[in-house]
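> Please work out how this folds:
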Amino acid sequence: MAHPLVEQLRFTRGEWRRGLTALTEKEGSRHFGQMNSIGWVVGHLAWHEQRTLLYRPQGILLAPELQEEFFSGAPMSTPSIAKMLRLWRKITKVSEPFLDSLSTKDLLKDLPLNGKSVGQTQGDVIRRMTYHYWFHIGEIQAIRQMLGHKKLPIYVGSLEAKAPYRPEPD
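Numbering: from 1, shown residues only. Just a heads-up that it's a prediction; the model follows:
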């Protein structure tokens with residue numbers, strides 16, 4: 001069984017995917033004022049997944065193009081939502097064995113950035129990424145409201161069924 005922190009990340013990913021249902025390519029490319037497009041948000045979260053679960057802990061860089069266009073503070077762009085979802089799925093699929101391997105001891109280990117300690121553990125960055133998803137879930141729902149979408153998913157979904165509270169393993 002995966003660590004409870006990993007279960008929470010997986011639940012959050014599922015809620016995020018639920019918030020992306022029934023979006024067209026055109027809708028995924030819309031900008032409202034200074035807000036990024038939903039396509040950019042998807043690429044940004046793919047960048048964060050790759051950075052947090054593949055590159056920093058394992059040295060794996062599956063999609064180098066994400067490093068250039070989707071980092072925090074990157075200039076506004078309008079990527080294809082379909083392409084960004086393909087990259088996100090690829091990155092998250094490759095990250096699954098790593099996530100399954102994590103113990104509490106692993107989550108407490110320092111996670112260097114470019115070979116230097118930045119005061120974050122693997123657990124810190126997974127928790128940050130989980131909260132980051134929730135931030136963007138709200139943003140995507142706001143954009144969808146501006147697009148005129150009705151009957152949007154209600155958050156939080158089936159937390160108790162899919163990722164109930166359980167204490168950390170000993």
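> CA atoms for contacts and neighbours, from now on please.
Will do.
> and Gly119, that one's in a strand?
No. Residue state for Gly119 (DSSP: H, G, I helix; E, B strand; the rest coil) corresponds to coil; a strand is not indicated.
> any idea how far the closest residue to it other than its chain neighbours is from Gln120?
Closest residue to Gly119 apart from its sequence neighbours, by C-alpha to C-alpha, 6 or more residues apart in numbering: Asp110 at 6.9 Å. To Gln120, Asp110 is 6 Å away according to C-alpha to C-alpha, to the nearest Å.
> that's a helix at Lys83, yeah?
Yes. Judged by three-state DSSP, Lys83 forms part of a helix.
> residues near it, how many?
Look at Lys83: counted by other C-alpha atoms under 10 Å, it has 14 neighbours.
> do Asp100 as well
Asp100 has 13 nearby residues by other C-alpha under 10 Å.
> contacting residues for it?
By C-alpha atoms under 8 Å, 6 or more residues apart in numbering, the contact set of Asp100 is 1-3, 6.
> cutoff 6 Å now
Ala2 (C-alpha atoms under 6 Å, 6 or more residues apart in numbering).
> Restricting to C-alpha, output the helix or strand hosting it in CSV.
Per DSSP states H and E, Asp100 falls inside helix 81-101. Output of helix 81-101 as CSV, limited to C-alpha atoms (Å, rounded to 0.1, in the frame of the first residue of the first chain):
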residue,chain,number,x,y,z
ILE,A,81,-4.3,21.1,-24.1
ALA,A,82,-4.3,17.7,-25.8
LYS,A,83,-0.5,17.8,-26.1
MET,A,84,0.0,18.9,-22.5
LEU,A,85,-2.3,16.2,-21.2
ARG,A,86,-0.4,13.6,-23.2
LEU,A,87,2.9,14.8,-21.6
TRP,A,88,1.2,15.0,-18.2
ARG,A,89,0.0,11.4,-18.5
LYS,A,90,3.4,10.2,-19.7
ILE,A,91,5.2,11.8,-16.8
THR,A,92,2.7,10.7,-14.1
LYS,A,93,2.8,7.1,-15.5
VAL,A,94,6.6,7.0,-15.2
SER,A,95,6.4,8.4,-11.7
GLU,A,96,4.1,5.7,-10.3
PRO,A,97,6.8,3.1,-9.4
PHE,A,98,8.8,5.8,-7.6
LEU,A,99,5.8,6.9,-5.7
ASP,A,100,5.0,3.3,-4.7
SER,A,101,8.5,2.8,-3.4
